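> take a look and give me a structure for this.
(one chain, ligands or ions: 3)
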Amino acid sequence: KKAAFQTYVFFVLILGAVFLATYYFYRLTSTEFLERKIADSLLTITENVDEAISYKMDSDYQRLEHYMDGKTYDEVDGEVLNGLLSEDIEFARITEDGLEYKGLLLLFNQTFIPENTIENKISIVNFSDMIIGTTDTKSYIFFNVNDVLFFIDSNSYLNKMFLSSEDLPENMYFLINKDGLIYYQLDMEANNKFYEYYLRSSNSEQVATSVKEQIYSGEASYKTSITFSNKEYYLCYSPVSNQSTSNEFYVVYLFETESAFSSMGMLTYQLVTLFGLYCLIVILAIIGIYIILMRKNSDIEGSMVIHYYDKPYIIRVNKKGKILGYNSTVRRTISRRMKYKYVNEFEHEDGVDLVDAIKKQTPFTVSFDDVDDLRKSVLMIPVKNIFSKYLVGTDITYQDSSYKSKTLHNQITNLPNLDLLLDVLDRHIKYLEHCAVKDREVLKSSIVLFDIKQFSNFNKVFGRKMGNQILCKISERVKKYLDGKNADLYHTEIDLFAIFFDSLESFEQVSAYVEEIIDLFKKPLEIDNNNLIVDIKCGIFNIELQKYDKLDARKAYENCQITLMQAKSLTSLKYAVYNATFSTAATKEQAMTKDLSIAIEKNEFVMFYQPQYNNEERRIVGFEALVRWDNPKYKFQSPAIFIELAEKNNMIIQIGRFIMDQTFQAAKRFEKYNIHVSMNVSPVQLMQAGFVNEVLECANKYELKAGSVAIEITETFLMENFNYIIEKLNLLRNKGFSIHLDDFGTGYSSMLYLKELPINTIKIDKEFIRHLATDKYSRAIVNKIVSLARSLELDIIAEGVEKDDQNQVLIKTGCNIIQGYLISRGVSFDDAMQLVNEYNVEKTKQIAKVKKVKKG
Ligand code: C2E
Ligand code: MG
Ligand code: MG
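Ligands and ions are numbered 1, 2, ... in the order given. This is a model prediction of the structure:
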């Protein structure tokens, strides 16, 4: 969850950054874009006004010229004139030192220079600048036609043109000359001001100068950010391109920035909408990612809940043993995992080169301290993958005695530990050796070893803390019982306790004690207000030196272990007393491993086929292929045992190939009867790189049709939630193999997870079938499994159906396919064919008492 949250935060940060960057660029480009658009439009306005002015002036001049053709000043008729230009027009004659106006002589100011102004064809002059003693402060446009001066109030003449467009942004406008002198402005004050005066009053001297320079250079231009009376303006100017005037005019516009922007409202609106749309997409993306992550996370969480109990350790390494990754079990368990960079850094048996072991794919054991600082031993099986290798580890802490605690007392129960026991035994045996034979027989002593049934499950289900409490309660109870007897209690391994009985009267006495100890546990243990029944099994080893050539402490303890194993292997037995024949069992595993490798070379395996019968169709619909070791020594050996051994020692791959070949060959021969064959596949096989290809090649070799072969995998194995295994299964399923989930119900039920798995069929484990007819709980469980499978549209096969009453219950439940001794045990291929003939072809055989099956 934390990882998902971190990923999410990371995504949000990245998206946030992208978002901010885009916003920044959006602002940059959109403002720039808008400004450019605004500039273009404002300049166009300016130029249009400028053109209109020069056009009007020119055409008015031409009209006046035309009117005056051949006329003198005296002949000018004021009324005709007014009609001519639709303006209030006055006229005067230019004389040497003034104007002759309506019979009056108006004298020029001394500073007034007519050559530069009114002697030009068109000019704009402030009347009071021109004439002495006048009260008229207005400026006029003068048209000089043959020294007759026509003049029109510039305000009324120009206002119309500056104001002609209605939806102009707020503005100020001027007509200035090259020197910056204002000739015209709305409501012009008495004295012409220099335009620079405005610029200076607003911005800096620098801006004023640069604007002036640009105006001098005569280019139409545009500039931003001129501030007048605390308002931002765009400044535009354009020279009036008029040939008739010698004094060059410039149309100057100041457009208020804000209003210019809002006049481009439509454009802004579009850009904002576009940006809003973008924001929406980003937000949706964030939400989408959130949902996906959370869903993934809840999947992971869900599967974690399910896999909480029994998950293997998986470490990915390269060929040099460098750790490339690990699964959550490793993460959860190893406290100081950070310090492990190479597998070799794990504590392991002396002299074992782990890199070499990985290369040769031989299993090895590593130890480390877990998060609770308890010692763990894990058996690692190296498995090849394409680019790397996987170490698949099983926790063997409970089985492994190679680890010795550093102190002499068990940390949980504070009882003396194995080292102490061995030490005591060592001294005891040495003492006995020195005694006279006669005395030895008097000094009777025994070791009793007991362990708690299913303790690892207690631990898994209730948690380690509770497990520890159980151990303490057990030790308290036994210790109290031993009080006053010549006996000491030792806590030798996780759930293994030893009692050393000394100075016994007889060996029978030990058995009596042991029975009483076993009875101690008939009363439940009270833990956290829970009553818990625990069951123990005991192994007794009597120390009788005369019976053994050589006995040392270690050997004595081992014999005790062997005895305990023997007791555990038989359900009816609560305890066992050592007997020399047991010893052979201990070395059995080693011998078996050796024999197994020989068996592979000699090809001592054969396949048996056990029918799967459909009650409804009344015929055999499939066979499960079961391997048998054809060796008199292992005749009654369950394949489960040697398969497990083969897995441990990496021999399963070769055995698996043989099984596959035989099974597919048989499947081909059953094909025409519409019967499939199920093949058991070991996890180690499936994990091996190239497995799918091997299967497909073999299927091709026998030209198998889709549906002829089913692959059986065990439930516990699938729960590892190994994506690439799921992928492999999917691949196989797409290629026409059915996938059967074997031994369903024995793992820590993965019911919740079932729907995600690529499986077609569930095989209910025989444990549930065994008591089906008599036990209502078994019936309830089977009922549940069947209805669950139905709702997931999966087929069901019941395993281990031995009796008809079991079958009847199954039929009622709606589970129609059965496999078990009721039909037949696993038989050779020829016998299997015979069964097909009897059940399917000739119909001479049917299982008894099949009732009418209700559907649904
Ligand atoms: P499994 O796959 O669950 O196979 C079913 C086991 O139940 C078989 O035991 C079968 O003989 C036994 N069985 C069938 N009907 C009954 C019945 O009515 N009552 C009782 N008590 N038992 C019944 P088997 O052949 O000893 O195989 C044991 C396990 O060994 C198999 O369990 C499977 O996990 C493994 N195994 C067997 N053959 C192969 C193989 O070819 N490859 C692999 N990888 N594993 C195999
Ligand atoms: Mg099976
Ligand atoms: Mg099974």
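> got the contact list for residue 702?
Shown in contact with residue 702 (Cβ atoms under 8 Å, 6 or more residues apart in numbering): 664, 665, 667, 668. For glycine as for every other residue, the C-beta is placed from the backbone atoms N, C-alpha and C.
> distance of it from ligand 2?
21 Å (Cβ to the ion, to the nearest Å).
> quick check: closest non-adjacent residue to that residue.
Closest residue in space to residue 702, ignoring its immediate chain neighbours: residue 668 at 4.4 Å, by Cβ to Cβ, 6 or more residues apart in numbering.
> wait, does the helix or strand containing that neighbour make contact with ligand 2?
Using DSSP states H and E, residue 668 sits within helix 652-671. No - contact of helix 652-671 with ligand 2 is not found when judged by Cβ under 5 Å from the ion; the minimum separation is 11.8 Å.
> mind giving me the packing neighbours of that helix?
strand 605-614, strand 619-629, helix 639-648, strand 676-680, helix 683-687, helix 691-701, strand 709-714, helix 829-836 (3 or more Cβ pairs under 8 Å, 6 or more residues apart in numbering; DSSP states H and E).
> pick out the shakiest of these, pLDDT-wise.
Note on the helices and strands packed on helix 652-671: helix 683-687 shows the lowest mean pLDDT, a mean of 77.
> so the helix holding residue 668 versus strand 676-680, what angle?
If you take axes from the mean of the first three to the mean of the last three Cα atoms, to 10 degrees, helix 652-671 sits at 170 degrees to strand 676-680.
> can helix 652-671 be found next to ligand 1?
Yes - using Cβ under 6 Å from any ligand atom, we find that helix 652-671 touches ligand 1 at residue 659.
> mind listing what's buried in that helix?
For helix 652-671, the neighbour count (16 or more other Cβ atoms under 10 Å) marks 652-653, 655-656, 658-660, 662-668, 670-671 as buried.
> and it, average pLDDT?
Mean per-residue pLDDT for helix 652-671: 94.
> before we move on, what about stretch 778-786?
The predicted model gives stretch 778-786 an average pLDDT of 86.
> CA atoms of that stretch as PDB?
Extracted in PDB, the C-alpha atoms of stretch 778-786 (Å, rounded to 0.1, in the frame of the first residue of the first chain):
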ATOM      1  CA  SER A 778     -17.000 -32.100   5.300                       C
ATOM      2  CA  ARG A 779     -20.300 -32.000   3.500                       C
ATOM      3  CA  ALA A 780     -20.800 -28.300   4.100                       C
ATOM      4  CA  ILE A 781     -17.300 -27.600   2.800                       C
ATOM      5  CA  VAL A 782     -17.800 -29.700  -0.300                       C
ATOM      6  CA  ASN A 783     -21.100 -28.000  -0.900                       C
ATOM      7  CA  LYS A 784     -19.500 -24.600  -0.600                       C
ATOM      8  CA  ILE A 785     -16.700 -25.600  -3.000                       C
ATOM      9  CA  VAL A 786     -19.100 -26.900  -5.500                       C
END
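> and residue 357, that one's in a strand?
No - counting by DSSP: H, G, I helix; E, B strand; the rest coil, residue 357 is located in no strand; its state is helix.
> who touches the helix or strand hosting residue 422?
Using DSSP H and E, residue 422 maps to helix 418-434. If you take Cβ under 8 Å, 6+ apart as the criterion, helix 418-434 is touched by 401, 404-405, 408-409, 440, 443, 445, 447, 488, 490, 492-493, 498, 500, 502, 543, 545, 551-554, 556-557.
> list the ones among these that fall in helices.
440, 553, 554, 556, 557 (DSSP state H).
> put the buried members of those residues into a PyMOL selection.
Only the buried entries of those go into this PyMOL selection, using 16+ other Cβ under 10 Å:
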select buried, resi 440+553+556+557
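> out of the ones in helices among the contacts of helix 418-434, who's nearest ligand 1?
Comparing the ones in helices among the contacts of helix 418-434 against ligand 1 with Cβ to the nearest ligand atom places residue 557 closest, at 31.9 Å.
> check contacts around that closest one.
Applying Cβ under 8 Å, 6+ apart, the residues contacting residue 557 are 418, 421, 422, 425, 447, 449, 492, 498.
> tell me the one of those nearest ligand 1?
Distances from ligand 1 to these, taken by Cβ to the nearest ligand atom, are shortest for residue 449, at 29.0 Å.
> which SS state does that closest one fall under?
Going by three-state DSSP: residue 449 is strand.
> burial count for it?
Counted with other Cβ atoms under 10 Å, the neighbours of residue 449 add up to 27.
> help me confirm that it comes into contact with residue 564.
Yes - counting by Cβ atoms under 8 Å, residue 564 is a contact partner of residue 449 at 4.9 Å.
> identify the contacts common to those two.
Contacts common to residue 449 and residue 564, judged by Cβ under 8 Å, 6+ apart, are 538, 539.
> so for stretch 816-827, mean pLDDT?
So the average pLDDT for stretch 816-827 ends up being 95.
> that stretch and ligand 3 in contact?
No - Stretch 816-827 is not in contact with ligand 3 by Cβ under 5 Å from the ion; minimum separation 8.5 Å.
> give me the buried positions along that stretch.
By neighbour count on 16+ other Cβ under 10 Å, the buried set for stretch 816-827 is 816, 817, 818, 819, 820, 822, 823, 824, 826, 827.
> what about residue 119, distance to residue 94?
Distance of residue 119 to residue 94, given as Cβ to Cβ, to the nearest Å: 7 Å.
> and residue 33, what does it touch?
When contacts are counted by Cβ under 8 Å, 6+ apart, residue 33 touches residue 271.
> identify, from the buried residues of helix 652-671, the entry nearest to residue 42.
Using Cβ to Cβ, residue 653 comes nearest to residue 42 of the buried residues of helix 652-671, at 83.1 Å.
> doesn't residue 685 make contact with the closest one?
Yes - between residue 653 and residue 685 there is a contact under Cβ under 8 Å: 6.4 Å.
> and the residue of the protein closest to ligand 1?
residue 820 (3.1 Å).
> how about that residue: what's its closest non-neighbour residue?
residue 801 (3.5 Å).
> give me the pLDDT value at that neighbour.
pLDDT recorded at residue 801 is 95.
> element containing the nearest residue to residue 286 once chain neighbours are set aside, please.
In space, and not counting its chain neighbours, residue 286 is closest to residue 15: 5.6 Å by Cβ to Cβ, 6+ apart. Using DSSP H and E, residue 15 sits within helix 2-68.
> how about the residue in the stretch 551-700 of the chain that ligand 2 sits nearest to, nearest residue that isn't a chain neighbour?
In the stretch 551-700 of the chain, the residue that lies nearest ligand 2 is residue 680 (4.5 Å; Cβ to the ion). Ranked by Cβ to Cβ, 6+ apart and with sequence neighbours excluded, the top spatial neighbour of residue 680 is residue 712, at 4.7 Å.
> which parts of stretch 156-176 are buried?
Buried residues in stretch 156-176, counted by 16+ other Cβ under 10 Å: 157, 158, 161, 162, 168, 169, 171, 172, 173, 174, 175, 176.
> please name the bridge partners of the closest residue to the fourth one other than its chain neighbours.
Counting by Cβ to Cβ, 6+ apart, residue 173 is the residue found nearest to residue 162 once chain neighbours are left out, at 4.8 Å. Beta-bridge pairing for residue 173 (DSSP bridges): residue 253.
> got the residues of this structure near ligand 1?
Residues of the chain lying near ligand 1 (Cβ under 6 Å from any ligand atom): 610, 625-627, 638-640, 643, 659, 680-682, 712, 742-743, 766, 799-802, 819-821, 826.
> before we move on, the earlier item: and the contacts of residue 702, which is closest to residue 708?
For those, the nearest to residue 708 is residue 667 (4.6 Å; Cβ to Cβ).
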